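Undergrad: predicted model and sequence follow; I will ask about them next.
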Amino acid sequence: MTRGEYALFMLMEWHINRYLIANTFKREDGYEKATEHLILCDLYLRYYYCANECEIMELNEELNTIHSDSQALTSYLNTVIEFPLNVLSGGIDYDSYAKKFFIKFIEICFNSLENLKQEK
């Protein structure tokens, strides 16, 4: 993990953990999942483009692309990062799953944006 990726992980870690908790058995929360997913996509775009508050508003196509593509991870946590969906939250090591989630999430987002650039 590069220094930039580590800094990004530090920014995203809380949101990743909240996202994972919202997917936990008997704690499912669709609103929180959707909110945290959008925040994670927004943070990645800011990192990738070094975008400020005004610039980020012009990246709607990119936001929609990474949001859609990253659902390959967020909709299949149990198969992609082996997140236990049927275990109560007390028995889950969120730290290890947060790192797995982060690595896969930034890989998907990076590839999505690179493919989008090639299409333009």
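TA: All right, it came through fine.
Undergrad: which other helices and strands contact the longest helix belonging to the chain?
TA: In the chain, with assignment by DSSP state H, the single longest helix is helix 94-119. Applying 3 or more C-beta pairs under 8 Å, 6 or more residues apart in numbering; DSSP states H and E, we find helix 94-119 packed against helix 3-22, helix 30-49, helix 60-69, helix 71-74. Just so you know, the C-beta spots here come from the backbone N, C-alpha and C atoms, and that holds for glycine as well.
Undergrad: nearest to D93, of those?
TA: Proximity to D93 (C-beta to C-beta) singles out helix 3-22 among the helices and strands packed on helix 94-119, at 10.4 Å.
Undergrad: the closest one: which residues count as buried?
TA: L8, F9, M12, E13, H15, I16, N17, R18, Y19, L20, I21, A22 (16 or more other C-beta atoms under 10 Å).
Undergrad: nearest to A72 among the residues you listed?
TA: Y19 (14.8 Å).
Undergrad: for that closest one, give its distance to C50.
TA: 24 Å (C-beta to C-beta, to the nearest Å).
Undergrad: can you check E119 too?
TA: From E119 to C50 the distance is 22 Å (C-beta to C-beta).
Undergrad: and the gap between the nearest residue to F25 once chain neighbours are set aside and L38?
TA: In space, and not counting its chain neighbours, F25 is closest to N86: 5.2 Å by C-beta to C-beta, 6 or more residues apart in numbering. To L38, N86 is 26 Å away according to C-beta to C-beta.
Undergrad: ok, W14 next?
TA: 15 Å.
Undergrad: also N52?
TA: Counting by C-beta to C-beta, the separation of N52 from L38 is 18 Å.
Undergrad: more crowded one of those two?
TA: L38 (13 against 9; other C-beta atoms under 10 Å).
Undergrad: I'd say the more buried one and I66 touch.
TA: No. The criterion here is C-beta atoms under 8 Å, and L38 misses it with I66 at 10.3 Å.
Undergrad: just to revisit the earlier point, which secondary structure state does the residue nearest to F25 sit in?
TA: Using DSSP: H, G, I helix; E, B strand; the rest coil, the structure places N86 in coil.
Undergrad: so it sits right up against T24, yeah?
TA: No. Under the criterion of C-beta under 8 Å, N86 makes no contact with T24, lying 9.4 Å away.
Undergrad: cool, thanks, signing off.
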